[in-house]
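In: Mind folding the following:
(chains A and B, ligands or ions: 1)
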Amino acid sequence: MASIITANRLTSGEVVYLAPNGTWVRDIAAAEPSADEASNRRIEQIAARAVAANHIISPYLVDVRLEAGRPVPLSVREKIRAQHRPTV
Amino acid sequence: MYRYDSYDDAFVRSRAAQFRDQVTRRLVGDLSEEQFRPLRLQNGLYLQLHSYMLRVAIPYGVLSANQLRALAAIARRYDRGFGHFTTRQNIQFNWTRLADAPDIIDALADAGMHAIQTSGNCIRNVTADPYAGVAADEIEDPRIWGEVLRQWSSAHPEFLFLPRKFKIAISGALEDRAAVLFHDIGIRIVRHRDGSAGFAILVGGGQGRTPYVAQELRSFLPRQHLLSYLEAVMRVYNLNGRRDNLYKARIKVLVNALGIDEFRRQVEAEWQRIDHDAIDLPEAELQRITEAFTLPSLPVRAATSTEVARRRRADPAFDSFWRNNTTPHREPGYRILTIALKEPGLIPGDATAEQMDAVAALAERYGHDEVRVTYTQNLVLPHVAVADLPNVYDALVAAGLHAANAGLITDLIACPGLDYCNLANARSIPIAQEIARRFADTGRAQAIGTLRLNISGCINACGHHHAGNIGILGVDKKGTEHYQITLGGSPGNDAQIGEIVGPSFAAEDLPDAIERIIETYLALRHGSDETFLTLYRRVGIAPFKHALYAQGAIARLPHKTDRQLTQEAALP
Ligand code: SF4
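Out: Okay, the predicted model is just below:
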């Protein structure tokens, strides 16, 4: 199982994901997957710095599976967040 | 209705200015999120699943047409063109940006509104009977005391850091339409033997993880002592309520741990110590507030109308609307009209900016400038002349607000659930939509009769599932959304907590399960006068258990095309 890190953008509140180039993007498919504890710690540290720099708030790791290399969240909650809208 | 005086206005504007400064400091990084979070929550700004959500207080559920227009303007300008009315008679904007929040708060202040104390461990917005001042069964108007309590509890220095949030509801009528028995403090205006009006004080009710029906703390409190007495209750709670365990911090847990008699003894002892005169409201101030709630001078109108009678005969939809959505007003030429935000298939409690504007226009033209919000997520026009009903109805049809189902199975309560809420286990809205579609035929819903169906997306019970005749609770079962059904709950005078009927259902089976419950009720009832709740109290849970869990019961049901399934499939 892999993980990605998600958060909300400070000014807008929108859901964002950490991409490999260190930017925070809306598209979950562009998120950087992490496969082990060490890289989890690394992306968590990047997120902590982004919190300190007032770019994002409330970061946390999300469990995903990889489909053709792209992260797909496992929980219903994260599937809904990734769509940026309610299912109704 | 009450309008802000210069003191209220200055207070709200100073809070708006303070919040603007806090947001500015947050955006430039002078405040960390940890420092800022409690400040934004004190101003009703939450972080939800997709975005910031702003919860705006609607004191005791009363709005003027202008205020409703201001909410519509906010929805249009700062949100996605709609708002969500909640079970606390508030409105939530689901898609607000932090950067816009100070402007929204200013726009609210311009209309005499705010979002203060809609979050946090303080006394929250006081809720009340939506028929206040107009109900035929009313003893006294509870809005007066709702306003007194609003002023007393706003920024009350002693009660801003309680062990946990605190909810007060007040009703002045014989029938409880405010679920007062499910509040931390419930207040009912009652008449003493000597004819004077006062209060029965109920304490320790609530839903959530540990539901309780409130118990009677005092059967009669003379009206002049309301504030000093509540102050005593709050002090006992503030001192002795648990702060070590979030789940045991509400007053209901304290009341039940001490027992009502010991709790009462402590309150009475504290009350004796309090200087009543320093806290109770001076008579002149009570007079001033009372005057704000004088019934508008309603011109005498005919109690019957030939046009209404003709339309009822000719137009079954209008007839259903009349029967389900209007009730007697204390003046015979008027009716209280419920606008059910419950069009089957739409989101319960949501209204678009255009709909809010349409209701505001109707309130101005036909409703003496008043709108109420109910805890069942509907709106009310409290004074509509009988003869104006066809015009009002036609305007509601044009605005898509003519659902003729108030009080029926499709007038269901649903919290935002996992579609919006950060705390949810499961979605509420698609479940509500599917159930409403199943019973969308007004004739069928009417044949089922009065029924309260309530849905919560988690045990916090914002959707009042414990108090539903049929309650639905979203649970997480190994990562999938499941729903537990409770039966026999009641929010009214005969308040009761529903009983769990058995193991939970998957989303796709739930609407069938509800159909099966309704079929069982219809088969067993002694005529259409026996409501679901009455029948349930007569026959108990057994026939429903059998209908739901006897082998293959649900699989045998005919309907199997659920939108939940499609929606699930549509997810990545
Ligand atoms: S009941 Fe739970 S899911 Fe529903 S609004 Fe309340 S906290 Fe959110």
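
In: shaky segments in the chain?
Out: Unless you meant another one, I'm taking chain A. For chain A, applying pLDDT under 70 flags no range at all.

In: ah, I was thinking of chain B
Out: B:553-572.

In: What residues does it have near chain A?
Out: By C-beta under 8 Å from any C-beta of the partner chain, the residues of chain B that approach chain A are B:26-29, B:32-33, B:47-52, B:96-99, B:347, B:418-420, B:424, B:426-427, B:429-430, B:433, B:479-481, B:567, B:570-572. C-beta: built from backbone N, CA, C; applies to glycine.

In: now, which of those residues lie within strands?
Out: Among the residues of chain B next to chain A, the members found in strands (DSSP state E) are B:47, B:52, B:96, B:480-481.

In: in which helix or strand would I find residue B:269?
Out: If you go by DSSP states H and E, residue B:269 is part of helix B:260-273.

In: That helix: how far from the chain's middle?
Out: How far helix B:260-273 lies from its chain's middle: 30 Å, per C-alpha atoms, centre = their mean, to the nearest Å.

In: Neighbours of the nearest residue to residue A:74 once chain neighbours are set aside, how many?
Out: Distances taken as C-beta to C-beta, 6 or more residues apart in numbering or on different chains place residue A:63 nearest to residue A:74, at 4.9 Å, with adjacent residues excluded. Residue A:63 has 14 neighbours, counted by other C-beta atoms under 10 Å in any protein chain shown.

In: so what's residue A:63 bridging to?
Out: Beta-bridge partners recorded for residue A:63 (DSSP bridges): residue A:3.

In: what does the one 10 residues further on give?
Out: Residues in a beta bridge with residue A:73, per DSSP bridges, are residue A:64.

In: What are the neighbouring residues in contact with it?
Out: Contacts were defined as C-beta atoms under 8 Å, 6 or more residues apart in numbering or on different chains; by that measure residue A:73 touches A:28, A:62-64, A:79, A:81-82, B:572.

In: if you set the cut-off to 10 Å instead, what comes out?
Out: By C-beta atoms under 10 Å, 6 or more residues apart in numbering or on different chains, residue A:73 lies in contact with A:4, A:6, A:28, A:31, A:62-65, A:79-82, B:571-572.

In: Report the separation between it and residue A:25.
Out: The gap separating residue A:73 from residue A:25 is 15 Å, by C-beta to C-beta, to the nearest Å.

In: Tell me the buried residues in stretch B:225-236?
Out: B:225-236 (16 or more other C-beta atoms under 10 Å in any protein chain shown).

In: tell me which of the residues you listed is nearest to chain A?
Out: Closest approach to chain A among the buried residues of stretch B:225-236 (C-beta to the nearest C-beta): residue B:234, at 32.4 Å.

In: now that closest one, nearest residue through space, not along the chain?
Out: residue B:159 (5.4 Å).

In: where along the stretch 101-250 of chain B do the helices fall?
Out: B:101-110, B:142-153, B:226-240 (DSSP state H, counting those that start in this stretch).

In: go on, chain A?
Out: Using DSSP state H, the helices of chain A run over A:37-52, A:76-83.

In: Quick check: which of these is buried the most?
Out: Most buried of these by mean neighbour count (mean count of other C-beta atoms under 10 Å in any protein chain shown) is helix A:76-83; its value is a mean of 21.

In: and the helices of the stretch 101-250 of chain B, which is most packed in?
Out: It is helix B:142-153: most buried of the helices of the stretch 101-250 of chain B by mean count of other C-beta under 10 Å, with a mean of 23.

In: what separates that helix from the chain centre, distance-wise?
Out: That offset, for helix B:142-153, works out to 17 Å (C-alpha atoms, centre = their mean).

In: again with stretch B:213-229
Out: 22 Å.

In: Kindly state the domain boundaries assigned to chain B.
Out: Chain B breaks down by automatic domain parsing into domains covering B:6-110, B:135-291, B:306-399, B:427-570.

In: Briefly note if the longest one comes near the ligand.
Out: No: counting by C-beta under 6 Å from any ligand atom, no contacts exist between domain B:135-291 and the ligand, the nearest distance being 8.7 Å.

In: Straight-line length of that domain, end to end?
Out: For domain B:135-291, the first-to-last residue distance is 18 Å (C-alpha to C-alpha, to the nearest Å).

In: Equivalent analysis for the third one, please.
Out: Counting by C-alpha to C-alpha, the length from the leading to the trailing residue of domain B:306-399 is 25 Å.

In: what sits against the closest residue to chain B within chain A?
Out: Going by C-beta to the nearest C-beta, chain B is nearest to residue A:86 of chain A, at 3.4 Å. Contact analysis of residue A:86 by C-beta under 10 Å, 6+ apart lists A:80, B:49-50, B:94, B:347, B:416-420, B:427, B:429-430, B:567.

In: Keep those, but drop any that are not near the ligand.
Out: Okay, of the contacts of residue A:86 touching the ligand (C-beta under 6 Å from any ligand atom), that's B:416-417.

In: need the residues of chain A near chain B, please.
Out: Counting by C-beta under 10 Å from any C-beta of the partner chain, chain A comes close to chain B at A:8-15, A:28-29, A:51-58, A:63, A:67, A:70-88.
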